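Novice: no sequence on this one, just coordinates:
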């Protein structure tokens with residue numbers, strides 16, 4: 001039924017009186033209900049609902065259909081997968097690994113290292129600063145749990161440039177620093193987060209042999225994104241991710257970044 005059907009403009013002296021008559025007609029039909037402030041608001045639904053007016057129910061007790069109050073925390077976008085700028089000139093395209101996926105990958109890598117090393121008697125892990133360090137420490141703990149005895153983990157302290165982020169010079173500059181244990185004659189696994197052109201690993205090998213002569217050197221990385229410029233390959237790879245020249249792999253560890261994930265980032269400029 002059209003509430004405007006029997007109303008004519010000539011019946012009212014002003015637009016305000018016409019509006020009042022229309023709203024009164026809608027209220028009688030049950031299409032409007034009173035709010036707490038006394039004004040008439042559209043009904044949420046029809047039928048015998050709690051919000052329907054009853055002679056025994058006062059107007060001020062009827063529920064309001066007004067919008068909920070604004071809350072900054074609720075209005076904030078919490079979706080981590082939206083394409084937002086993480087810093088100048090970079091844009092997040094997607095998440096490659098979550099925290100649980102990283103943990104499962106490290107468990108698999110730990111078992112592979114133990115299997116190929118025939119145990120962990122002379123095994124030691126060395127992490128390249130920065131994110132190679134937490135990678136080596138986590139793998140060391142997992143291997144210690146598997147083999148039931150501690151595994152040495154150390155830090156390879158070098159000033160290097162990340163080939164997948166920027167170029168700081170012709171080659172990384174090695175700074176003297178103790179790894180933390182004697183590497184002479186031991187099986188060393190160098191750990192890093194991303195393997196790209198191979199120049200960072202070459203610098204790490206130079207720094208490693210400045211501290212001694214290990215029996216064997218292997219490489220473990222969480223992500224291999226290709227685009228090698230040197231004949232360097234990883235022995236243990238968490239995940240192979242083909243990338244373009246404009247894309248970047250961002251590995252975030254809780255120990256360094258206060259978050260745990262692997263992101264695919266694209267240069268926008």
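Specialist: The structure has been received and is ready for your questions. Nothing here was measured: the structure is a model prediction, and the numbers come from that model.
Novice: So which residues of the chain form helices?
Specialist: Counting by DSSP state H, the chain forms helices over residues 15-28, 72-75, 99-116, 132-147, 199-210, 254-257, given from the N-terminal end onward.
Novice: Out of those, which is closest to residue 180?
Specialist: Shortest distance between residue 180 and those, using Cβ to Cβ, is found for helix 132-147: 10.5 Å. C-beta here means a position set from N, CA and C on the backbone, and glycine is covered the same way.
Novice: Okay, the nearest residue to residue 140 once chain neighbours are set aside and residue 216: tell me how far apart.
Specialist: Of all residues not flanking residue 140 in the chain, residue 153 sits nearest, at 3.9 Å (Cβ to Cβ, 6 or more residues apart in numbering). From residue 153 across to residue 216, the span is 17 Å (Cβ to Cβ, to the nearest Å).
Novice: Between those two, which is the more surrounded one?
Specialist: When neighbours are counted by other Cβ atoms under 10 Å, residue 153 comes out ahead of the other of residue 153 and residue 216, with 24 against 13.
Novice: quick one: contacts for the more buried one?
Specialist: Residue 153 makes contact with 124, 125, 126, 127, 136, 137, 139, 140, 180, according to Cβ atoms under 8 Å, 6 or more residues apart in numbering.
Novice: among those, which two are most distant?
Specialist: Comparing the members of the contacts of residue 153, the greatest separation, given Cβ to Cβ, is between 139 and 180, at 15.2 Å.
Novice: can you count the residues close to the residue lying closest to residue 237 once chain neighbours are set aside?
Specialist: Among residues not flanking residue 237 along the chain, residue 224 sits closest, at 4.7 Å (Cβ to Cβ, 6+ apart). Burial of residue 224, expressed as a neighbour count using other Cβ under 10 Å, amounts to 21.
Novice: Where do the strands of the stretch 151-269 of the chain begin and end?
Specialist: Listed in chain order, the strands found in the stretch 151-269 of the chain under DSSP state E, counting those that start in this stretch are 152-156, 158-159, 173-174, 187-195, 216-224, 236-240, 247-252, 261-267.
Novice: gap between the residue nearest to residue 184 when sequence neighbours are not counted and residue 153?
Specialist: Counting by Cβ to Cβ, 6+ apart, residue 184 lies nearest to residue 212, which is 4.3 Å off, once chain neighbours are set aside. In this structure, residue 212 and residue 153 are 16 Å apart, going by Cβ to Cβ.
Novice: So what pairs up with the closest residue in space to residue 135 that isn't next to it in sequence in the strands?
Specialist: The spatial neighbour of residue 135 that comes closest, neighbours along the chain excluded (Cβ to Cβ, 6+ apart), is residue 191 at 4.5 Å. With DSSP bridges as the criterion, residue 191 is bridged to residue 127, residue 220.
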